[in-house]
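Q: sequence and predicted structure below; questions after.
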Amino acid sequence: MVKTAANPGGLPIEVLDGFRQQLAANRAQFYRDIASGPFYSYNRPGAKVSEAVIENWWRQGMMGGAKAHYDSIRAFSETDFTEDLKVIAVPTLVMHGDDDQIVPIADSALISAKLLG
């Protein structure tokens, strides 16, 4: 996900650093903010917000370890799977929503589908 020479459409590292800063400052609020906004698209006009879904997502997030959560931001955003995808030689289904605000489809699934051998 991170913007690099090999991935010019990625997110600037500052965005990901911001996630890490928010998580470190107040992990509970970070998980509430993500769930109540872009993760479930509750930030879209006319969205029907479910507090129960937000609270459940928050609950699940808070069950994990703070260090693992912090480190996972690097793992999901800065790991380059390009070479791994190129050697997969079996039919592979790539599923991804086209309105994903966290990991945009154009910068992930569409590229992955093209790379699959």
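A: That came through fine.
Q: in this protein, which ranges drop under the pLDDT threshold?
A: Along the chain, the model assigns pLDDT under 70 to no residue.
Q: so where do the strands sit in it?
A: In the chain, no strands are defined using DSSP state E.
Q: which residues in it form helices?
A: 13-25, 27-34, 51-62, 66-78, 82-86, 109-115 (DSSP state H).
Q: just checking, what packs against the first one?
A: In terms of contact count using 3 or more CB pairs under 8 Å, 6 or more residues apart in numbering; DSSP states H and E, helix 13-25 is assigned the packing partners helix 27-34, helix 66-78. For glycine as for every other residue, the C-beta is placed from the backbone atoms N, C-alpha and C.
Q: give me the buried positions along it.
A: 16, 19-20, 22-23 (16 or more other CB atoms under 10 Å).
Q: ok so, going back, adding distance to Met1, write the helices of the chain out as TSV.
A: Output for the helices of the chain, formatted as TSV (distance: least, CB to CB, whole Å):
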stretch	distance to Met1
helix 13-25	7
helix 27-34	15
helix 51-62	19
helix 66-78	4
helix 82-86	13
helix 109-115	11
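Q: among those helices, which comes closest to Tyr40?
A: helix 51-62 (6.3 Å; CB to CB).
Q: got the angle between that closest one and helix 13-25?
A: Using axes from the mean of the first three to the mean of the last three CA atoms, to 10 degrees, the direction of helix 51-62 lies 90 degrees away from that of helix 13-25.
Q: next, the angle helix 27-34 makes with helix 51-62.
A: Going by the same axes, to 10 degrees, helix 51-62 makes 140 degrees with helix 27-34.
Q: picking that back up, and the helices and strands packed on helix 13-25: which comes nearest Gly46?
A: Ranked by CB to CB, the member of the helices and strands packed on helix 13-25 that lies closest to Gly46 is helix 27-34, at 20.1 Å.
Q: list the buried residues for the closest one?
A: Applying 16+ other CB under 10 Å to helix 27-34 flags 27, 30-32, 34 as buried.
Q: show me what stretch 45-60 is in contact with.
A: Defining contact as CB atoms under 8 Å, 6 or more residues apart in numbering, one finds that stretch 45-60 is touched by 28, 31-32, 34-36, 39-42.
Q: that'll do, ta.
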